[in-house]
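> here is a sequence with its predicted model. Questions after.
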Amino acid sequence: MVVSATDSPAGNHPVLALDDAGKPDRWLHVPGTTEAPPLVTVPFTGTVYDAVDVMLDSRAPLVLVLGDDGAPRGALRWDAMVGDLRARGNA
């Protein structure tokens, strides 16, 4: 994940825009999508199940993980989780 103040895509990484207060505002770029998906979040203390639940409810391909201070700590992408499950199933 890349945090950016500009509208330029960062190749194969999601790009997150922050508002004037430095809080997450929206996705500027998400690889594999033509339009930016909704910005959905889970706390750093949340579980993978919480992240999956939020992604399914909002039909978002990724979820932003926030620290206790509300700052972005990372992103969990649906395709990365599913790809990992497929890889484990073939092992």
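Sure, I can see it. Numbering: from 1, shown residues only.
> now residue 81: which helix or strand?
helix 78-90 (DSSP states H and E).
> with residue 27 instead?
Using DSSP H and E, residue 27 falls in strand 24-29.
> which strands or helices does the helix or strand following that strand pack on?
Later in the chain than strand 24-29, the nearest helix or strand by DSSP H and E is strand 41-43. Using 3 or more C-beta pairs under 8 Å, 6 or more residues apart in numbering; DSSP states H and E as the contact test, the elements touching strand 41-43 are helix 48-58, strand 62-66. (C-beta placed from N, C-alpha, C; glycine too.)
> for residue 28, find the nearest of the ones you listed.
strand 62-66 (12.6 Å; C-beta to C-beta).
> the inter-axis angle of the closest one versus helix 48-58?
Going by axes from the mean of the first three to the mean of the last three C-alpha atoms, to 10 degrees, strand 62-66 is angled at 130 degrees with respect to helix 48-58.
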